[in-house]
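>>> Structure for this input, please:
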Amino acid sequence: MDDLLDPAVLAALRTHRIAYRVMACSPEHADTAAFCTHYGVPVEQAANTIIVASRRVEPPRYATCVALATTRLDVNHTIKDLLGVARASFADAQVTVALTGMMIGGVTPFGIRDLPLYVDAAVMAQPEVVMGGGNRSSKVLLAPADLMSMGAVVVTGLAQAR
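Modelled structure (predicted):
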């Protein structure tokens, strides 16, 4: 099933020697809520990857953030502090695709280069999470501790409960 993954994602998983399982996903169910409902995955186990961007800073600063689907990134405090800027927000879809080369609904930290990777501490408390496969037709299941092999920085309060 490795052939379902985006090639850059597969290469990154192998390079970092991350143990994972691939899960096929129909593109119409790639978005987190639809995926969890359709495939019976607890939403608490879904980890979303979101690109964040500085505002009113040239050149813009970006970061990759991972948070549970049950939470929302704290862009107004924690993210802007991490980026060292006065304002930050979610990168728009066009910027996300340009920076990652991945489709919305499949964005994952695997294969993203040259951006800091921040992971909310709540993600690390899960024994296993499901993340994008770089496209809308696959997901990967893995132990979140394996994100550390990619240089992830765990941040308490990166996201807040919804």
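>>> the strands in the protein, which residues?
For the chain, the strands defined by DSSP state E occupy 20-24, 47-54, 62-68, 71-73, 88-90, 117-120, 129-132, 138-142, 153-155, 159-161.
>>> Which strand residues bridge the most centrally placed residue in the chain?
The chain has residue 49 as the residue nearest its centroid, 1.7 Å off, counting by C-alpha atoms, centre = their mean. Beta-bridge partners for residue 49, by DSSP bridges, are residue 66.
>>> likewise residue 119?
As for beta bridges, residue 119 partners with residue 66, residue 154 under DSSP bridges.
>>> begin at 208 from here
Renumbered: residue one is now 208, and that last one reads residue 326.
>>> returning to that earlier point: any idea which of the strands of the chain is most buried?
Mean neighbours per residue, mean count of other C-beta atoms under 10 Å, is largest over the strands of the chain for strand 336-339, with a mean of 26. The C-beta positions use only the backbone N, C-alpha and C, and glycine is treated the same way.
>>> surely residue 364 meets residue 285?
Yes: counting by C-beta atoms under 8 Å, residue 364 touches residue 285, with 5.3 Å between them.
>>> So which of these two has more stuff around it?
residue 285 (20 against 12; other C-beta atoms under 10 Å).
>>> Return the residues in contact with the more buried one.
Residue 285 makes contacts with 362, 364-365, as judged by C-beta atoms under 8 Å, 6 or more residues apart in numbering.
>>> and the gap between it and residue 218?
31 Å (C-beta to C-beta, to the nearest Å).
>>> same question, residue 352
Note on residue 352: its distance to residue 218, by C-beta to C-beta, is 21 Å.
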